Structures are given as C-alpha cells and as structure tokens.
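Colleague: need a structure here:
(one chain, ligands or ions: 1)
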Amino acid sequence: MKKILITGVSGYIGSCLFFFLKDKFKILGLDKKKTKILSHKQCNLLDIKKLNLLLKKEKPDLVVHLAAQSLVDETINKNRYYLNNILATKNLVLSMKKNNIKNIIFSSTAALYKFNNKILNEKSAISPKSTYAKTKFECEKIIKKSNLNCVILRFFNVCSSLKIKKRIIGELHNPETHLIPTIVYKNICKKKIYIYGDNYNTKDGTCVRDYVHIKDICNAIKKSINYLLNNYNKFEIINISSSSKKTNFEILNTIKQITKIDNIYQVVKRRSGDVDYLTCSNTKAKLKLNWSPIYSNINKIIKDEIEWVYYLLKNKKFRKFKNYL
Ligand SMILES: NC(=O)c1ccc[n+]([C@@H]2O[C@H](COP(=O)([O-])OP(=O)(O)OC[C@H]3O[C@@H](n4cnc5c(N)ncnc54)[C@H](O)[C@@H]3O)[C@@H](O)[C@H]2O)c1
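Modeller: Numbering: from 1, shown residues only. Predicted coordinates:
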C-alpha cells in the first residue's frame, strides 16, 4: 500500500480527505494543530529539523500539501501568510528533495485569477489581489521550480460535509467566512444574513459563484494521486470547479425550501473586489484526471451542509462570524 502524507490534516479538507483515503492508502497526517479525531504527527512545517526527521523516517510516496493560512482576511498580519504559506512550502519542498520524495499535490486557489466575468480556464490571466492569493501563487512558483512530479489543483468554493460510514465531517473555521456554511447555519439559527450587493449584472442581481462538494474535491485529489503515481516529471495545473454555478439568492431559496425556515436577510453594499461571475470550465480535469463533479449539485451540497450544522449544534459546537459590513 502506498504511503501518503497529508499536511494540514486537522483542517476542513484535510480531515475529510483523511477519512476518504484511509482504506485505500497508508495515511500519515501532519498538522501544527492537535485534533481529537485523527491520529497524526503534530509538526509545524516551519520546524524544518522536525520535518526532516519525520520525512526521513516515514518516507511517504507522495505528499498532499493542504497546510496553509487559509482564511482570506486582509486584517490578518501579512507575516502569518508569509510564514504558513511561502516559508512552510519552501521547507516542505526542501525536505522532500533531501529525502528523495518526488510526488506532490498542492492545493491552490481560484482567487489568483484576474477576475473578468469570463469563464476561466487554466490559461486565464493571473492577478492575485489578496495577500492570501499572492502567497498561494508564490507557493505555486516554488513548487514549479523544484521540478517535483506535481499536480497543482486550483479549487473554487469548497463546501458541504462528508459522510463516511457513520462519521460526518465538515467545515468549522473560526471565524467562518465562506458563504454556504455561513448562510445555512444562520438560516437554521434564525440569525441575520448579509448579502453583499444585489445590483450585479446577473439574473437576480447577486453574485454567481462556482461551488464544489467536498466529496468531489476528495475524489479529485485521489485521482491526482493515481495520476502522479503512474507518471513522471509532470507539472500540471488543474482547476477543480463544478457545474453548480449559483447566485446568492438561488442559494438562499434552496436553503429555505429544504429547511422550511424563512431567511432573515439584509442586502448591504458590495464588497470591494467582488465580481459578477467567478466560474470556470473543468475540461482539463476531465481530460487529465478523468474527473467530473458528481456530488456538486446545489441540493446535495445544501442538504449535506444542513446535516453537518445539526450535528454541530447537537454537539454544542457553534460557528463564529466576522461581519464585513
Ligand atoms: N476551503 C476552500 O474553499 C478552499 C478553496 C481553495 C483553496 N483551498 C486550499 O485548500 C487547503 C485546505 O483548506 P482548508 O479549508 O482545509 O483550510 P484549513 O484552514 O481548514 O486547514 C489548514 C490546516 O493547515 C494547518 N497549518 C497551517 N499552517 C501550518 C504549518 N505551518 N505547519 C503545519 N500545519 C499548518 C492548520 O493548522 C490547519 O489545520 C488550503 O491550502 C487552502 O488554501 C481551500
């Protein structure tokens, strides 16, 4: 059985991926944070000595690099992005080379494209705006320069929860800033939802975004693992997006239809930088990885997120928000 190291295994995507892959590969998790549900090595990627020892001892066949300062928030000290994104990736790549580990999958983001309301593809212009996106783009360059056998996956909005056997795993960021987890939770808890602008050039005036179910994300990573284990000297950048391109109002309506709870919402002014459409084609993922979104229809996404929210509330875990008004 091949051995896979997942960095950032205590996070949202990492913990889902751990359970998704654990019967197919020998999984070793790494995170600077402790977690109750996973057996993993606590290691900060900034601690290069500890990282070197770990890779030397464990010799994974492939690394899925998810660890990052992933919250998109310009009030966060820029140094945290520099350390946990750029420096952490440099250390990981150095340590992989030193220990002759050749395969890496890197989780990048759609946020580094120049947003122009057109359907994006991998050749679209790059123009990262946020510190988060700028540092993720730097990581891509570091990995490209390393000549490792590599797939870079640029994710669009990852959402919803994953059920594996009797376990349910989902998103619990603090603060929560993503749209779907925020408005599903607020609908169920009867809290006020803010919609940033209803005068965009879309069918109902609210922004259109591309949403991908976490199970499709895990499957894209699994297919990338198989691709790298069967190929050499590759460097592929692949967008992972879905066919669920929805407006904010369409999402609100879907939630209301399923929960039968009215949304309490207020339309407030646009956030700077938001564009009408942020969507992409997934032709390359189909071609290279034989991947297509299977679970990313909006009803499935919302239903699985609702189930996760009820699980959180039952276990007295509460989402926290920062309102960007
Ligand atoms: N969630 C999304 O919608 C989305 C979209 C695009 C890209 N991504 C990317 O996917 C990856 C995973 O996203 P997520 O939502 O699971 O993020 P997350 O914030 O939930 O998890 C990231 C994990 O990385 C760990 N980490 C951070 N710095 C570290 C370090 N120096 N050493 C060791 N561990 C460290 C954190 O402790 C955390 O557990 C990130 O790289 C993110 O940029 C996510």
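Colleague: centre-most residue in the protein?
Modeller: A centroid search over the chain (Cα atoms, centre = their mean) returns Val158, at 5.1 Å, as the residue closest to the centre.
Colleague: pretty sure that residue is in a strand, no?
Modeller: Yes. The assignment for Val158 is a strand, going by DSSP: H, G, I helix; E, B strand; the rest coil.
Colleague: quick check: it touching Ile214?
Modeller: Yes. Taking Cβ atoms under 8 Å as the contact criterion, Val158 and Ile214 are neighbours in contact, 5.9 Å apart. For glycine as for every other residue, the C-beta is placed from the backbone atoms N, C-alpha and C.
Colleague: now do the shared contacts for those two.
Modeller: Both Val158 and Ile214 are contacted by Tyr12, Ile13, under the criterion Cβ atoms under 8 Å, 6 or more residues apart in numbering.
Colleague: pLDDT below threshold where in the protein?
Modeller: Residues of the chain meeting the criterion pLDDT under 70: 323-325.
Colleague: the residue in it that the ligand sits nearest to: how many residues sit nearby?
Modeller: For the chain and the ligand, the shortest gap (Cβ to the nearest ligand atom) falls at Gly11, measuring 1.9 Å. When neighbours are defined as other Cβ atoms under 10 Å, Gly11 has 22 of them.
Colleague: what pairs with the residue nearest to the centre of the chain across the strands?
Modeller: Beta bridges link Val158 to Val212 when assigned by DSSP bridges.
Colleague: counting neighbours, what do you get for Asn219?
Modeller: Other residues within reach of Asn219 by the criterion other Cβ under 10 Å amount to 19.
Colleague: before we move on, back to that, now do the contacts for the closest residue to the residue of the chain closest to the ligand other than its chain neighbours.
Modeller: When the adjacent residues along the chain are set aside, Gly11 lies closest to Leu66, with 6.3 Å between them (Cβ to Cβ, 6 or more residues apart in numbering). Contacts were defined as Cβ under 8 Å, 6+ apart; by that measure Leu66 touches Ile6, Thr7, Gly8, Val9, Gly11, Ile13, Gly14, Leu17, Ser107.
Colleague: redo those residues as CSV? Include secondary structure.
Modeller: Supplementary listing: the contacts of Leu66 in CSV, determined by three-state DSSP:
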residue, secondary structure
Ile6, strand
Thr7, strand
Gly8, coil
Val9, coil
Gly11, coil
Ile13, helix
Gly14, helix
Leu17, helix
Ser107, strand
